[in-house]
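Asks: Sharing a model prediction with you, sequence too.
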Amino acid sequence: QKEVEQNSGPLSVPEGAIASLNCTYSDRVSQSFFWYRQYSGKSPELIMSIYSNGDKEDGRFTAQLNKASQYVSLLIRDSQPSDSATYLCAVLDGAQKLVFGQGTRLTINP
Amino acid sequence: EPEVTQTPSHQVTQMGQEVILRCVPISNHLYFYWYRQILGQKVEFLVSFYNNEISEKSEIFDDQFSVERPDGSNFTLKIRSTKLEDSAMYFCAGTGIGANVLTFGAGSRLTVL
């Protein structure tokens, strides 16, 4: 059974601080990794994709991948109240389907 | 920007009734997926569909579920005899050839009473 594990939170971060979200996965053959943001009652919205070991930056977001440790993370710099949402880690498995973690609920406190 | 469109946005049905959820994928998408999310739980894979046939289905996708693409545009999920535990948000998603980023529709909320 392929698993994607996240701390469900809630994670509470003051406005302007860095929010750090973590994810581990079990399927060693996975090559594609994604972070989605989901607001309550809405569909997942892609924030970042990462395919190679190391860091990938896009604006205030940085995704980090370590395939040896089977670990993916997302950093959100200068956190804003609008960043309050559930963040879903997703891994593309060998059958080309996304396997999601349970999500981490993030709250940014003004 | 092209969107994946889902209808209805919300459907309330009685247990045992049949439900059809509809999705209009982005025109250049060739791979289609249905996911569901029970309130407060994770997004779960149901089925993938390519070249007019099911590519893979999960344990959740039992005989009460079916998918089809009847007219080359709409992609439907049918639940033959709904149960209380089918109450969930159902998301359609798609992706194109050589791409691995899924685009999700807004979802259809199904409430079974």
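Replies: All right, it came through fine.

Asks: Can you confirm whether stretch A:68-81 lies near chain B?
Replies: No: on the criterion C-beta under 8 Å from any C-beta of the partner chain, stretch A:68-81 is out of touch with chain B, staying 15.1 Å away. To be clear about C-beta, it is placed using only N, CA and C from the backbone, and glycine gets the same treatment.

Asks: Give the buried residues for that stretch.
Replies: Neighbour counts over stretch A:68-81 (16 or more other C-beta atoms under 10 Å in any protein chain shown) mark A:70, A:72-76, A:79 as buried.

Asks: So which of those residues are in strands?
Replies: A:72-76 (DSSP state E).

Asks: what about residue A:98, neighbour count?
Replies: 25 (other C-beta atoms under 10 Å in any protein chain shown).

Asks: just to revisit the earlier point, which one among the buried residues of stretch A:68-81 sits at the bottom for pLDDT?
Replies: Ranked by pLDDT, these bottom out at residue A:70, which scores 94.

Asks: Surely that residue touches residue A:29?
Replies: No: counting by C-beta atoms under 8 Å, residue A:70 stays clear of residue A:29, with 10.9 Å between them.

Asks: circling back: quick check, nearest of the buried residues of stretch A:68-81 to residue B:50?
Replies: residue A:72 (26.5 Å; C-beta to C-beta).

Asks: Bridging across strands, which residues link to that closest one?
Replies: In this entry, residue A:72 is beta-bridged to residue A:23, residue A:65, by DSSP bridges.
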